[in-house]
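[1] Give the three-dimensional model of this entry:
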Amino acid sequence: MASSDLHSLAGQVAVVTGASAGIGRACAVELARAGADVAVNYHGSREGAEETVAMIRDLGRRAIAVQGDVGAEADVARLFDEAQERLAPVDIAVSNAGLQRDAALADMSLEDWETVIRTNLTGGFLMAREAVRRFRTKGRRPEVSRALGKLIFDSSVHQRIPWAFHVNYAASKGGLKLLMESVAQEVAAEGIRVNAVAPGAIATDINRSEREKEGGREAMLALIPHGRVGDPEDVGRVVAFLASDASDYIVGQTLFVDGGMALYPGFRGNG
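    Model prediction:
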């Protein structure tokens, strides 16, 4: 039997991509807070990854930092290899790494299109493929979890809401939605649970300049019915829930963590 605490991740190992800052860091820390040991993937910021590792170790959990590009097959395989060798076989995979390269459609370069698709969508595919392979090899451990493995994607409200001047990003997240749902449909019968979170406006470096420019925060808040910009921990806590047995009957779903942004608040009182 798994732990009587359905929210506990004790005895489990997680990998989190793009975990050197922001939402990825919050996911890694919240998974550790629930009891998991964590492999912290990063692409460029070793220092940021080590800070995440230190935060996890302060919670009494084991953690390692692993450099790698999620758009590269060999790097993704090495991430799982190092997690298994230095911690234990992986039970939880969080595909979080993502980026933006913004431009109007007519001005967007092919390089900017392909860079975003490679990281956000191809990276999600590579993480999913490797996670499923490793879960099957690991086998079930009913003493720690009812599921064979848990795969969680970090998507965006823009898997639903169109986003002019960001077509590469929106396309990558729209693709991620059906990637998640199709993989979930394919592997659910094996006991592998696949889900996603869709953050709205979260206070991270990716939108810092927009929030801090004159009138920027107010404009952002106008799109959020709940009246505040989200914190990375708002997303991390939902990811930890989706990784736990408390969510064992949730399969192939996207949980929007957006303060109501996906409700199209501009239509309130209009139409």
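[2] Direction included, what does the helix or strand harbouring Lys150 pair against?
    Using DSSP states H and E, the element containing Lys150 is strand 149-154. Looking at strand 149-154 with DSSP bridges, its partner strands are strand 92-95 (parallel), strand 192-199 (parallel).
[3] Kindly reformat these as TSV containing mean pLDDT.
    Converted to TSV, the strands paired with strand 149-154 look like this (pLDDT from 0 to 100):
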stretch	mean pLDDT
strand 92-95	98
strand 192-199	98
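[4] picking up where we left off before, and the angle from the helix or strand following the strand holding Lys150 to strand 192-199?
    Downstream of strand 149-154, the first helix or strand assigned by DSSP H and E is helix 167-187. For helix 167-187 against strand 192-199, the angle by axes from the mean of the first three to the mean of the last three C-alpha atoms, to 10 degrees is 160 degrees.
[5] got a list of contacts for helix 167-187?
    Helix 167-187 has contacts (C-beta atoms under 8 Å, 6 or more residues apart in numbering) with 98, 100-102, 105, 108, 112-113, 116-117, 119-121, 124-125, 128, 132, 151, 153, 155-156, 158-163, 193-196, 198, 251-252, 254. For every residue, glycine as well, the C-beta is placed using N, CA and C.
[6] Also stretch 70-79?
    15, 17-18, 39, 41, 43, 66-69, 95, 97, 118-119, 122-124, 126-127, 130.
[7] again with stretch 44-51
    Contacts for stretch 44-51 (C-beta under 8 Å, 6+ apart): Ala19, Ser20, Ala21, Arg25, Val40, Asn41, Tyr42, Ala65, Gln67.
[8] Could you rerun that using 7 Å?
    With C-beta atoms under 7 Å, 6 or more residues apart in numbering as the test, stretch 44-51 has contacts from Ala19, Ser20, Ala21, Val40, Tyr42, Ala65, Gln67.
[9] number of nearby residues for the second one?
    By that I understand Ser20. Residues within reach of Ser20, counting by other C-beta atoms under 10 Å, total 26.
[10] That one reaches Ala54, doesn't it?
    No. Look at Ser20 against Ala54 with C-beta atoms under 7 Å: they stay out of range, at 11.9 Å.
[11] Checking my notes, Val66 in a strand, right?
    Yes. Applying DSSP: H, G, I helix; E, B strand; the rest coil, one finds Val66 inside a strand.
[12] how far away is it from Phe135?
    Val66 is 18 Å from Phe135, where distance means C-beta to C-beta, to the nearest Å.
[13] Tell me how many other residues crowd Ala246.
    15.
[14] could you list every residue that touches it?
    Leu6, His7.
[15] any chance you could read off phi and psi for the spatially closest residue to His226 that is not a sequence neighbour?
    Leaving aside its sequence neighbours, His226 sits nearest to Gly259 (C-beta to C-beta, 6 or more residues apart in numbering; 3.4 Å). Here is the backbone geometry of Gly259 (degrees, to the nearest 10): phi 60, psi 20.
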